[in-house]
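**Student:** pasting the structure only:
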């Protein structure tokens, strides 16, 4: 924190804009990863996000999770005049390397109470081609 005389060591603007309305990168998509019964389990916190605003994409061995939030908070007085209106927009994503052998069908996802739970096999067997030797005549 910067010190500015007159603010007693408190920089109102830096602290206000660093918060990003509770949707700052340091506070978003906190993830716990565990392994259980041959599966990796990802528990991802996405508070304030609706299920339909979350996307999962599997590409080149990476699982990408994207969450977005668009809200409009409008307050009116008893005469119907707007006294406060706020709009908050944000989008965050995280990627995890799951391996080239994991297929879309192997990944299961569930969303409930602001928590996204994803599971996929921890050991998918890669089909190894059998060496076939060609005889020399």
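**Tutor:** Alright, I've got the coordinates. Model, not experiment: these values are computed from the prediction.
**Student:** rest of the way, CA atoms for contacts and neighbours
**Tutor:** OK.
**Student:** which ones are touching residue 115?
**Tutor:** The neighbours of residue 115, taking C-alpha atoms under 8 Å, 6 or more residues apart in numbering as the test, are 43, 44, 45, 46, 47.
**Student:** any idea how far residue 82 is from the closest residue to the last one other than its chain neighbours?
**Tutor:** Translated: residue 47. Using C-alpha to C-alpha, 6 or more residues apart in numbering and skipping residues adjacent in sequence, the residue nearest residue 47 is residue 114, 4.6 Å away. Counting by C-alpha to C-alpha, to the nearest Å, the separation of residue 114 from residue 82 is 30 Å.
**Student:** my guess is residue 87 contacts residue 70. True?
**Tutor:** Yes: the pair formed by residue 87 and residue 70 meets the contact definition of C-alpha atoms under 8 Å, at 7.4 Å.
**Student:** related to what we said a few turns ago, compute the number of surrounding residues for the residue nearest to residue 47.
**Tutor:** The local packing count at residue 114 equals 14, with neighbours defined by other C-alpha atoms under 10 Å.
**Student:** dump the residue contacts of it.
**Tutor:** Residues touching residue 114, when contacts are defined by C-alpha under 8 Å, 6+ apart, comprise 45, 46, 47, 48, 49, 50.
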